[in-house]
Each structure stands twice: as structure tokens, then as C-alpha cells.
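Asker: Starting from these lines, generate the structure:
(chains A and B)
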Amino acid sequence: MANEVVLLDFWPSMFGMRVRIALAEKGIKYEYKEEDLKNKSPLLLEMNPINKQIPVLIHNGKPVCESLIIVQYIDEVWNDKSPLLPSDPYQRAQARFWADFVDKKVYGASRKVWSTKGEEQEAGKKEFFEILKTLEVELGDKPYFGGETFGYVDLSFITFYSWFQAYEVFGNINIEAECPKIIAWAKRCLQKESVAKTLPDQKKVYEFVAQMRKRFVSE
Amino acid sequence: MAKNDVKVLGAWPSPYVMRPRIALNIKSVNYEFLEETFGSKSELLLQSNPVHKKIPVLIHGDKPICESMIIVEYIDEVWTSGPSILPSDPYDRAIQRFWAAYVDEKWFAAMKGLRSAQGEERKAFLDQVTEGLALLEEAFGKCSKGKAFFGGDRIGLLDIAFGSFLGWLKVTEKVNGVKLLDEAKTPGLVKWAERFCADAAVKSVMPETEKLLEFSKVLAAKMKGAPPPKN
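Answerer: Reported below is the predicted structural model:
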């Protein structure tokens, strides 16, 4: 059977970007289908009836949902090159832990930074920097969260970098000043072709977020 | 392996703590169960899980592993001579992981809502819980393919993820006077639940419903008296 891979996605989604990076790392050819989230396609609703969300990977007609589950699936099926997770069980558990941390914490806090104002936003900003500083400590002096090579945790977090300009403008914050190691790490990741080709331009994302912010905040 | 080489930090009422214990039982691994005192966190817990400060924590040798489902996958990968907890096919693994995440993020969130809700809100949460169970009934049909468990002939990842909530499900049924697992609507899950609770790996760690019910009253009283939670 031909290896048919389709990705249902939405260009600014940091979750969708994770899958795109994983596919690029493995050199997998796939068909990209852009979803209009205000007008979800019948295919999306059929392939992800539970959550009705992107990204969805459709491999030979069978859907896989949830970005980190998709990334692990990709790593397990295309296991002949560019491993994303470490092979040692303890290292794998650590990688899963930190990717889970990113999932549980970064999105929620960052959302408060761009979609709220006043006290709620100040609280969101404080939380956001606490989370980034925790990640900075975990990164330490390593070039990547995965150690010497780009891996699962790097992939799970780098996609948020495309939203940093939006966070900085709407939050009136300077991420490099507070978390220089995170910015240095991000720039290192961007030297990888799979990341550079996947992450949309920060300005484009900022313009998209500006439109969305209007729905949440009157100014 | 010496018993004190593997430790689980936890508490008997926690469904999350049950998960690694079931996994270790499946693998016939001896471990020391270190119970946390309700209402306080030990030095060991704070040291081993400084990020979340939550149970369960598995301590293997001197290495801590946190987050219940991550611990279960770790156990499966380390103790390879015992029965497998995850299926070998990547697609089946993705399906099990998907539903385990659904149970944690969507379904149990609705269960918790139901437990603390009043009036109109309660009905909304109850609807969410029963809709979720209908989805899980369907998933059970697809995953089990006519066999005893979501994992097939033996307990697997999703059985552990969902089954660990059965004690609290029974408590919720009693407290709210509702039948959540129902022979008419969720016949597959009703039988699965009986088999799961009777399984050798589960029996010794599944708390008795009466004990859990008593504990839930203590918890509810404490929460009414306690200041509002931070998140």
C-alpha cells in the first residue's frame, strides 16, 4: 500500500507546527490541508469527531489526533531516521514529562498574555515568565532540551516561538531580557531546516493574533 | 530486584496513584509504597517532584519519574519480561494514548465538576459525563475487538487509565443518586468494569467503595472549610 500521509492543520497553530517539524525531520512527503476553523471541513469532523480540532494526521486513511500523540506515532512508524525521542526509558520519561509540562502550562499562560488586559494580563505575564524560567533551568547549559541534539521537548516548545512577537507587543514584555537562554536556544533551533521552514514569520502571526485579540479585548 | 529499589510515593484514595501500582503488579515488580499524609507533602515528595509537587512519583533506584501515565509507559519499557501494557502496533498505541488523554482531560474533568456542582450546573456536568461514557463504550467495542479489555486479553494502557477512576465513579453514583454505568446504555463497560476490578493486578490496590465514600465526605468537608483553591 502506498504511504499516504495527509495533515489537517491551521497555519498559526503551534500544535500543528509540531507535527510539521516532525514530518520534516523524517523527510516524509505529505499533503497539507489548511482548515478554516470557523468553517470546519467534513473531513476534519469525520476524522476527529471527539475534539473536532487540528492537527489531525491521516495515515493511509486512518486518523491520529493530538499533536504529541501524532509526533510519537510518527517517531514510532518512521523509526529508521532522526529519532525524536531518546532510546533510554528514563530519558524518554523525562522527555515526555517536559513536553507534557509545556502542554499543560505554556499555552494557558501565553493566552492570558495576548488575550487579556489589566490585572488578569499582569497575572498571566507573571505566570508566563515563571514557566519560561522553569524551562530555562531545565535547559541549563545544554544546547537543546534533548542534550546535544534537537528532540521531542525542543519540538514541543519551539513552535511557541513564532508567537513571541505577539506576546511581546500585546503583553508589553521583553522575553529576551527576562529569559535570554530561551531566546538563544530558539535561535539555535531555527538553524535547523525543519524548524526554519515550518515556523511562520513572527510578524505574520502577530497580525493574525491582532485580529483575534479584538474579539477578546476592547481598547 | 530488591524491594526498596522501587518506591511509589502516593496515597490510597488517588486514582492517579493506582495506575503505576497496577502497572507494577502486572509486571510482578515488588515495590515499597510510601504513603503521603493527607494535607501535607513530605520532603521526599517535594524533592522528587519539585515542578508539580504531586503524587504519584515512582522512584527507581534514585531516579524519580512523575505523571501517572508517563510512569506507566516507563514501567512498560523497563520491565520487558512481564506482559506488555502498551500494544506493539504504533496505530493501536496512538488510539490507546488518545483515549487515555481524553479520560484525563475531558471526562474526569466533567466528573470533578459533577462532584462539586449544584443545581442547574449539575445537570450540565452529568450530561457531559454520560456522553463521555457513551463515547468510551463505543471505544471499548473498537479497541477490545470482542475481548475482555481495551488492551485485548489482558489489561492495557487504556484499561489502567480509565479503570483507575472506577472507585470514584461508584462514589459519584452513590452521592448523586445516579447510575453512570448502565446495563442498558453501556453494557460493554459494565462487564469490563467487573472484570477490571476483579483482576489480580487491580484488586489489591482498588479501594473499597465504602472507604472511598467516607474519605470523600472528609474531603468535601475540608474543601468547604478551606480557602478557594489557586487554580
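Asker: so where's the chain uncertain?
Answerer: Going with chain A. A:1-2, A:219 (pLDDT under 70).
Asker: nope, chain B please
Answerer: Looking at chain B by pLDDT under 70, you get B:1-4, B:225-231.
Asker: Now for the residue lying closest to A:Trp98 once chain neighbours are set aside, how many residues are close by?
Answerer: Counting by CB to CB, 6 or more residues apart in numbering or on different chains, A:Trp98 lies nearest to A:Val153, which is 4.4 Å off, once chain neighbours are set aside. Where C-beta positions appear, they are placed from N, C-alpha and C, glycine not excepted. By other CB atoms under 10 Å in any protein chain shown, the residues close to A:Val153 number 26.
Asker: tell me which element A:Val153 falls in.
Answerer: Per DSSP states H and E: A:Val153 is located in helix A:152-158.
Asker: And the next helix or strand past that helix?
Answerer: helix A:164-171.
Asker: Which of the residues in that next one are classified as buried?
Answerer: A:Phe164, A:Gln165, A:Ala166, A:Tyr167, A:Glu168, A:Phe170, A:Gly171 (16 or more other CB atoms under 10 Å in any protein chain shown).
Asker: And stretch B:187-197, by the same measure?
Answerer: B:Gly188, B:Leu189, B:Trp192, B:Ala193, B:Phe196.
Asker: what separates it from the chain centre, distance-wise?
Answerer: 15 Å (CA atoms, centre = their mean, to the nearest Å).
Asker: pretty sure A:Asn48 contacts A:Ile58?
Answerer: No - with contact defined as CB atoms under 8 Å, A:Asn48 does not reach A:Ile58; the gap is 9.9 Å.
Asker: hey, what's in contact with both of the two?
Answerer: A:Leu8 (CB atoms under 8 Å, 6 or more residues apart in numbering or on different chains).
Asker: hmm, back to that, can you redo the buried residues of helix A:164-171 as JSON lines with distance to B:Leu9?
Answerer: Shown next, in JSON lines, are the buried residues of helix A:164-171 (distance: CB to CB, whole Å):
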{"residue": "A:Phe164", "distance to B:Leu9": "37"}
{"residue": "A:Gln165", "distance to B:Leu9": "42"}
{"residue": "A:Ala166", "distance to B:Leu9": "40"}
{"residue": "A:Tyr167", "distance to B:Leu9": "36"}
{"residue": "A:Glu168", "distance to B:Leu9": "40"}
{"residue": "A:Phe170", "distance to B:Leu9": "41"}
{"residue": "A:Gly171", "distance to B:Leu9": "37"}
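Asker: Of these, just say which sits nearest to A:Leu85.
Answerer: A:Phe164 (25.7 Å; CB to CB).
Asker: Against chain B, how distant is that closest one?
Answerer: 23 Å (CB to the nearest CB, to the nearest Å).
Asker: The residue lying closest to that residue once chain neighbours are set aside and B:Ile59, how far apart?
Answerer: Using CB to CB, 6+ apart and skipping residues adjacent in sequence, the residue nearest A:Phe164 is A:Ile175, 5.7 Å away. Distance, A:Ile175 to B:Ile59, using CB to CB, to the nearest Å: 35 Å.
Asker: Of all the residues in the helix or strand containing B:Cys143, which ones are buried?
Answerer: Element membership for B:Cys143 (DSSP H and E) is helix B:119-144. Of the residues in helix B:119-144, B:122, B:125-126, B:128-130, B:132-133, B:135-137, B:139-140, B:143-144 count as buried by neighbour count, 16+ other CB under 10 Å.
Asker: How about stretch A:26-46?
Answerer: A:Lys26, A:Ile28, A:Tyr30, A:Glu35, A:Leu44.
Asker: Output those in JSON lines, with secondary structure appended to each entry.
Answerer: Below are the buried residues of stretch A:26-46 laid out as JSON lines (DSSP: H, G, I helix; E, B strand; the rest coil):
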{"residue": "A:Lys26", "secondary structure": "coil"}
{"residue": "A:Ile28", "secondary structure": "coil"}
{"residue": "A:Tyr30", "secondary structure": "coil"}
{"residue": "A:Glu35", "secondary structure": "coil"}
{"residue": "A:Leu44", "secondary structure": "helix"}
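Asker: Nearest to B:Pro83 among the residues you listed?
Answerer: Looking across the buried residues of stretch A:26-46 and measuring by CB to CB, the closest to B:Pro83 is A:Lys26, at 30.7 Å.
Asker: Next up, phi/psi of the closest residue to the closest one other than its chain neighbours, please.
Answerer: Counting by CB to CB, 6+ apart, A:Lys26 lies nearest to A:Trp78, which is 4.3 Å off, once chain neighbours are set aside. With angles defined as degrees, to the nearest 10, A:Trp78 sits at phi -100, psi 70.
Asker: Based on its surroundings, how many neighbours for A:Trp78?
Answerer: 20.
Asker: Then B:Val202?
Answerer: Using other CB under 10 Å: B:Val202 sits among 22 other residues.
Asker: for the most centrally placed residue in chain B, what are its contacts?
Answerer: Geometric centre of chain B, nearest residue: B:Ser164, 2.9 Å, by CA atoms, centre = their mean. Taking CB under 8 Å, 6+ apart as the criterion, B:Ser164 is in contact with B:Pro15, B:Tyr16, B:Met18, B:Arg19, B:Ile22, B:Ser68.
Asker: could you redo these as JSON lines and give each row distance to chain A?
Answerer: Formatted as JSON lines, the contacts of B:Ser164 follow (distance: CB to the nearest CB, whole Å):
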{"residue": "B:Pro15", "distance to chain A": "18"}
{"residue": "B:Tyr16", "distance to chain A": "13"}
{"residue": "B:Met18", "distance to chain A": "19"}
{"residue": "B:Arg19", "distance to chain A": "14"}
{"residue": "B:Ile22", "distance to chain A": "17"}
{"residue": "B:Ser68", "distance to chain A": "11"}
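Asker: Fine by me, we can end here.
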